[in-house]
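Enquirer: Sequence first, predicted coordinates after that:
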Amino acid sequence: MKIKDIKTHVLHAKLKQPFCFSQWWYDTRTTCIVEIITEDGITGWGECYGPSTVIQEIINVYKEYLIGEDPREIDRHWEYLYNRYRDYGQKGLIVEAISGIDIALWDIFGKSVGLPVYKLLGGANRKEIQAYATGFYPEKAEDPIKILQKEAEDYMNAGFKAMKMKVGFGVNKDYELVKAIRQVIGMDIELMIDANHAYDSVEAIKLGRKLEDMNIGWFEEPVPPEDLRGYEECKNALNIPIAGGECEFTRFGFKDILANRVIDIIQPDTCSAGGLSECKKIAVMANAFGVRYNPHSWGTGIGLAANLHLLANLPYNPLSMNPVSPMLEFDQTEHPYRLKLIDNTIFHTNGYVKVPTGAGLGIEVNRKVLEKYKIK
């Protein structure tokens, strides 16, 4: 079996209603999809998280090293691509490009042997994953809090038992936002907060202390990703688990985070931190250091499928009669092609998502949807 061609597809869709997080406004959703075709006619799909058009150009450079190679030699390809340009970047765009390629190679491997990816990763410790609804992005409206409270009601009615909301808009405003959501969902629904590294440790600790009686599941990215000392200060000061890592890359990037235990819950993004190959290695390291692993996810059904297979395989950390299982981040914000791209074959029932059991990632891409939203 040999790789015949590698194609990239940059998808783009305007949003009906712009929304913001702690740093800027969004009015579009964009994605870089990777398609790898073998001489045997097997197609593998991957997804990259990051600036799509730039990543597309990097994949076009990597393409020449993979044509004619056996797609099943995934680790060898990962190490070659990473080391080929290691001198110019061990993080960011280069690794994001490798991530999409890697996911597509795993999809091909599974399809070539008729097995789901989670079996190739070592087997499933769980066949369905609890999902948490990511949302609560403020919109331009006369009363944004009422809109967010209605959103919380919708998630509860849909069966979600866990949710994550955006903060980072100022300590007092954040406190009022969290209090408003808790008024709607009560104290039993798990609620996480995400500041998207909008604070320094001083302000993050101030906010965390105001929220300590709100039963917060975790405080995500309280400080910038480079500020590991700030993470440690938040972790030591607050009675709330500290999460982060969506802006970190590869086992090398997570090494010191794990060895120094500066974060309670790491959140590598499978579509940017190095793909399934590297995230499996990061997860093994996290298990060795006793640190929880909940992957970040912000994209289409292809990325969701990759995360489901990884989550199925993750070991219990630690094993017990009542273990804490990792959760799937299930973005609920407007996304015109998120699940249409895979014909809605991934969905939640009462807040749980079944792991695909078909060969490879267990999903297929709807080419009509692909072409409808493709710009390059």
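Expert: Good, I have the coordinates. Because the structure is predicted, anything quoted here is derived from the model rather than measured.

Enquirer: Which strand runs longest in the chain?
Expert: strand 3-20 (DSSP state E).

Enquirer: That one packs against which elements?
Expert: Applying 3 or more Cβ pairs under 8 Å, 6 or more residues apart in numbering; DSSP states H and E, one finds that strand 3-20 contacts strand 25-38, helix 52-66, helix 367-373. All C-beta spots, glycine's among them, are computed from the backbone N, C-alpha and C.

Enquirer: quick one: pLDDT of Asp102?
Expert: Listed pLDDT for Asp102 reads 99.

Enquirer: again, but for the one 3 residues further on
Expert: Reported pLDDT at Leu105 in the predicted model: 99.

Enquirer: Can you report the mean pLDDT over the residues of the helix or strand harbouring Glu153?
Expert: Taking DSSP states H and E as the definition, Glu153 sits inside helix 144-157. Mean pLDDT, helix 144-157: 96.

Enquirer: Could you check the angle it makes with strand 3-20?
Expert: Inter-element angle recorded for helix 144-157 and strand 3-20: 130 degrees (by axes from the mean of the first three to the mean of the last three Cα atoms, to 10 degrees).

Enquirer: Need the residues that contact the helix or strand that helix 144-157 is followed by.
Expert: The helix or strand immediately downstream of helix 144-157 is strand 162-166, counting by DSSP H and E. With Cβ atoms under 8 Å, 6 or more residues apart in numbering as the test, strand 162-166 has contacts from 21-22, 130-138, 148, 152, 155, 177-178, 181, 185, 189-196, 217, 220, 327, 329, 351.

Enquirer: Keep only those of those residues that are in strands.
Expert: Among those, DSSP E puts 130-134, 190-194, 217, 220, 329 in strands.

Enquirer: Give me the helices and strands touching the helix holding Glu153, please.
Expert: Checking 3+ Cβ pairs under 8 Å, 6+ apart, helix 144-157 ends up next to strand 162-166, helix 171-185.

Enquirer: Pick the most buried one from those.
Expert: strand 162-166 (a mean of 23; mean count of other Cβ atoms under 10 Å).

Enquirer: mean confidence for that strand?
Expert: 98.

Enquirer: Next: stretch 224-237.
Expert: 98.

Enquirer: Just want the angle from the strand or helix carrying Glu47 to strand 3-20.
Expert: Per DSSP H and E: Glu47 is located in strand 43-48. Angle of strand 43-48 versus strand 3-20, following the same axes, to 10 degrees, is 40 degrees.

Enquirer: which residues sit against strand 43-48?
Expert: If you take Cβ under 8 Å, 6+ apart as the criterion, strand 43-48 is touched by 31-38, 55, 59, 71, 96-97, 99-109, 111, 271-272, 275, 299-300, 302-303, 306, 360-361, 363, 365.
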